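Below are the sequence and a predicted model for it; my questions follow.
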Amino acid sequence: VPGMLGMVWRYSEVDKLSGKKQIDLMADNRICVGQLEAAGVKLTEAKTMAIAGSDFENLMTVLILQQSLEICRSVAKNYIGKVSSQALLQAFQAELNQTLGDTLVPSALRGFSAPIQMTAGERVVGKITIPLTLSPQFEIRDVHYSVTLTADDIG
């Protein structure tokens with residue numbers, strides 16, 4: 001966080017009333033929490049305004065998903081709108097897996113699944129579906145999101 005001068009709280013201390021660490025109390029109340037680093041302050045916990053328990057409750061998860069969607073769109077530009085064949089779909093799948101893996105694993109993700117699916121009807125209109133399953137590095141649960149792309153979406 002550029003321009004940050006200092007922090008008031010010692011987040012590792014335990015609140016006497018609740019028995020929770022201050023960092024957890026603030027995160028529970030949807031307050032972004034930072035950590036002092038040599039280069040400045042780094043956000044370590046940031047809740048969004050999503051419903052508690054939602055896949056999109058943590059800001060880091062949302063940012064990882066946004067980057068994954070951008071990768072899907074970017075890779076799809078080379079394949080959507082061309083005559084679909086098994087060889088083309090295999091090349092698309094290989095490039096998508098390679099790009100997601102090189103970009104996000106292990107820095108942001110423990111792993112992922114991004115199978116490209118296309119029904120006969122979708123094949124005719126040039127539409128694909130990618131049921132993404134992302135395993136964020138710092139979360140216990142997986143995040144599921146279905147990406148549907150057409151040539152118009154990525155043009």
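Sure, I can see it.

Name the nearest residue to residue 118, ignoring sequence neighbours.
Among residues not flanking residue 118 along the chain, residue 128 sits closest, at 5.1 Å (CB to CB, 6 or more residues apart in numbering). All C-beta spots, glycine's among them, are computed from the backbone N, C-alpha and C.

Regarding the one you found, what is its secondary structure?
When classified by DSSP: H, G, I helix; E, B strand; the rest coil, residue 128 comes out as strand.

Let me see the contact set for it.
Neighbouring residues of residue 128 by CB atoms under 8 Å, 6 or more residues apart in numbering: 76, 80, 116-118, 122, 148-150.

Pairing-wise in the sheet, spell out the partners of residue 128.
residue 149 (DSSP bridges).

where's it relative to residue 95, distance?
13 Å (CB to CB, to the nearest Å).

With residue 57 instead?
Distance from residue 57 to residue 95, by CB to CB: 31 Å.

Would you state the helices of the chain in chain order?
For the chain, the helices defined by DSSP state H cover 22-28, 59-76, 86-104, 120-125, 151-154.

between the ones you listed, which gets nearest to residue 16?
With CB to CB as the criterion, residue 16 lies closest to helix 22-28 of these, at 10.8 Å.

Let me see the mean pLDDT of stretch 60-79.
For stretch 60-79, mean pLDDT is 91.

Now do it: everything it contacts.
Residues contacting stretch 60-79 (CB under 8 Å, 6+ apart): 46, 48, 55-56, 88-89, 91-92, 95-96, 99-100, 103-104, 108-109, 112, 114, 128, 130, 132, 134, 136, 138-139, 143, 145, 147, 149, 153-154.

same thing but at 6 Å, please
Residues outside stretch 60-79 that contact it (CB atoms under 6 Å, 6 or more residues apart in numbering): 48, 56, 92, 95-96, 99-100, 108, 130, 136, 143, 147, 149, 154.

How about stretch 85-94?
Residues from elsewhere that reach stretch 85-94 (CB under 6 Å, 6+ apart): 79, 116.

starting at the chain centroid, how far to that stretch?
Relative to its chain's centre, stretch 85-94 lies at 24 Å (CA atoms, centre = their mean, to the nearest Å).
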